Structures are given as structure tokens and as C-alpha cells.
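Peer 1: Attaching a predicted model along with its sequence, questions to come.
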Amino acid sequence: MFDKMDKESLTWRVTPDLLGVTDANGMFKETNPAWFQTLGYRPEEIENTLFFEFLHPEDLANTAKAFVDIQMGKPILQFENRYRHKNGSYRWLSWNAVPEGDLFVCNARDVTAAKEAQSALALREAEANLREQFIAILGHDLRNPLAGAACAVEYLMDRETLTDNGITALHTANLSLRRMSRLIDDVLDFARARMGGDIGIDPEKDVALRPILELTVEEMKYAHSDVTFEEHYDFSDPVTCDPDRIAQLVSNLLGNAVFHGEPDGTVRMEARDTATELFVSITNRGGQIPASVKALLFEPFKRVEPGSSQNGLGLGLFISKQIADQHGGDIEVHSDARETTFTLRLPRGTRLMRDLARDALRRVA
């Protein structure tokens, strides 16, 4: 079928598809130049060789079955297997082959890129399903029993007569339960940020922010009685913000200041404003943050002290930055040999709502 003119035709020479002819035993008798372009073999390296010599070991059985079918006169259509490249790697090929007398005429197309894309898509879908299951477990299966335990502890603390040791034990249990709850919240927020790029905020107008800041500091005092907390407020309420998220952000920054500050030291929080912006600064005394560490402060799972397990999962600053960003604000860091200050900058009032509306329209577009 393939005479000299066929092999010298333009199609035979320039097509990217692998063209070939095998005998009844599966030995290549003719191959076109595309074999070299796709698999790196010259005609003398592949002709007079059984096609089984080039197969991936895992594809031997199903290819042998397909070869039996074509020997019985059945055409092969879009049959896929892997062929060894001359460099030792494997390429996915999609075959069509038909019997022609005592020969088999075949063509193959390199579908490696498509197979890899298909595999990557399947992997992404599997990862998405795993993330959804993970979030469901965190959001329901872990939070519910944790909430039950917290309610039981609070009941005992409020209503039962306890010894001093009993009170201390319940206070410790309550702090541990709160810490576990915050860890779950952090992981949920991280998963939302990684999946959709938005952890979600619900801004409200006319929020009295000062009581929220004061309560957040009180909770931190309760958890860290050895630390001195100073508060200075010079701003006008109300403001526009998501009060729960701002409390979460400030709590994260306070916890970070406590953990990285001097033992039994002082943490100072200041809040002030201008006509258009609100500033909340949290300062602790301690060594200067190295530039290499500062560049990674807001990356997830990063800590100043590698290997430390006392400061959660390393998600607090990452989530704080997400909250600030989604309020249209930012967090700035200044650190020197004397002290370190994290400053939350937020737009006020109508500017915040305008920025949020603009960002929402940009996401829809």
C-alpha cells in the first residue's frame, strides 16, 4: 500500500501524526518522520522492531488485547497507551489502526498534554472535594462538641461551689476551649481564603467600636494576667466596619504582641482617627524583626520562631491581613531594636462602603 510515492508525499513527511505500517506480528515496516519529532527515534531505530518493545509495562496487557482484535479484522479507534521516548520518558499516544491485507496501517497522535491536563483537573476536583469535607468536619463535627464542652465549663464556673483548685482547673479548661475554637476559626478562614479568595465580611454602619476594643483587651487580660495592657483612645464613634471581624483582627494582633513581647512586659493599644481614616496600633517591647522575617509575616503557616507550637498554626497575621484588605484597609509594621508596632489602617464611613462596592463590582466583572 505504501509505495515510494506514498512515503515521499507531503502528508507523509510533514504531518505531526505518527504514521506507520506493521506486519502481522506487530513489527514496524514503515514509519514517517513524526516518530523522530515525537519520540526521538529515527527510522532505522524503530523499523524491524516489535511495537511491544516501546510500550510502558503497565500498558502491555490492554495493548496485547487490542492487537488480537485487529488481527481478527476489527479496527482500532482512539486507543490510548504510553510509548517510551528515546530519552526514557513516556508519551501518551492515541491510536487508530486498520487491517490492510497482511499489514496493519496505523496513525497515532501525541495526547500527553491533554492527559496531563485531564489528570490535573481530576486532582483539582479531588482536592476541592477534600477541602469541602474538611471544612464540613471543622464547621460541624468539631465545633458542636466543642461548644457543648464550653457550655458545660461555663455552667460549672457560674453555678457550682468549687474549691480554689477546681476554679483554677475550670479556668484553664475554659482558656483551652477558647483557644481550640479560635484555631478552628482560623483554619476555616484560611480554607475560605484559599478556595475563593474571600473570607467574608459583613460591614455595618454606626458601630460603636470603642466598647469592642475594650472588651477584646479585657479578654486578653483574662488570658494573660502576667502582661500589662495599656489603652489610649482618641477617635470618634461610631464607625463603619464588621465588628466581629475587627475584634478578631485586634485579638490576633494582641495575641501576637503578647507572644513575641518581653516576658511580663507591656502591650500598648492606641486608636486614633482623621477625617477619612481610623488607626489602631498595637505595640510591644522586644527585639527588632529581621527583614527576612518581616517579608513573610503575613504568609500563612509562618512564625518568627521556627518550630514553635505555642502561637497557634501561624495563621493569625495572615487572616488579620485578609480582614484588613476586605475592609479596604491595610496593616503596617514598624520594628526597631526597642519595640514593634502593628498598625491597622481603615477607611472611615462612606469611603469604606464605596471601596467595598467597587471591589464587589470588580469581582463580578
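Peer 2: Alright, I've got the coordinates.
Peer 1: Go through the strand ranked longest in the chain and flag the buried ones.
Peer 2: Secondary structure of the chain read by DSSP state E shows that its longest strand is strand 90-100. Using 16 or more other C-beta atoms under 10 Å as the test for burial, strand 90-100 gives 90-95, 97, 99. C-beta here means a position set from N, CA and C on the backbone, and glycine is covered the same way.
Peer 1: again with stretch 64-72
Peer 2: Result for stretch 64-72 [16+ other C-beta under 10 Å]: buried residues 66-67, 70.
Peer 1: of those, closest to R82?
Peer 2: Checking the buried residues of stretch 64-72 against R82 by C-beta to C-beta gives A66 as the nearest, at 13.6 Å.
Peer 1: Could you measure from that closest one over to A122?
Peer 2: A66 is 24 Å from A122, where distance means C-beta to C-beta, to the nearest Å.
Peer 1: Show residues contacting stretch 278-295.
Peer 2: Stretch 278-295 is contacted from outside by 209, 213, 235, 239, 250, 253-254, 257-258, 260-262, 265-273, 297, 304, 333, 335-348, using C-beta atoms under 8 Å, 6 or more residues apart in numbering.
Peer 1: Show me the residues you listed that map onto strands.
Peer 2: Short answer: the contacts of stretch 278-295 in strands (DSSP E) are 239, 266-273, 333, 335, 339-347.
Peer 1: Restricted to buried residues, select these in ChimeraX.
Peer 2: Buried members of the ones in strands among the contacts of stretch 278-295, defined by 16+ other C-beta under 10 Å, are picked up in ChimeraX with:
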select :239,267,268,269,270,271,273,335,339,340,341,342,343,344,345,346,347
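Peer 1: For the stretch 201-350 of the chain, give me the ranges with low pLDDT.
Peer 2: The model of the stretch 201-350 of the chain has pLDDT under 70 over residues 301-313, 349-350.
Peer 1: who are the neighbours in contact with the closest residue to H334 other than its chain neighbours?
Peer 2: What sits nearest to H334 in space, not counting adjacent residues and going by C-beta to C-beta, 6 or more residues apart in numbering, is T341, at 4.9 Å. By C-beta under 8 Å, 6+ apart, the contact list for T341 reads 281-283, 333-335.
Peer 1: neighbours around the closest residue in space to L297 that isn't next to it in sequence, how many?
Peer 2: Spatial nearest neighbour of L297, excluding adjacent residues (C-beta to C-beta, 6+ apart): L317 at 5.5 Å. Residues near L317, counting by other C-beta atoms under 10 Å, number 24.
Peer 1: Return the backbone torsion pair for L317.
Peer 2: Main-chain dihedrals, L317, degrees, to the nearest 10: phi -70, psi -40.
Peer 1: Can you give me the distance of it to K65?
Peer 2: For L317 relative to K65 (C-beta to C-beta), the value is 58 Å.
Peer 1: P238 is in contact with D206, correct?
Peer 2: Yes - D206 lies in contact with P238 (C-beta atoms under 8 Å); the separation is 4.1 Å.
Peer 1: Not counting its neighbours along the chain, what's nearest G200?
Peer 2: R192 (6.7 Å).
Peer 1: Having no further points to raise, I will conclude here.
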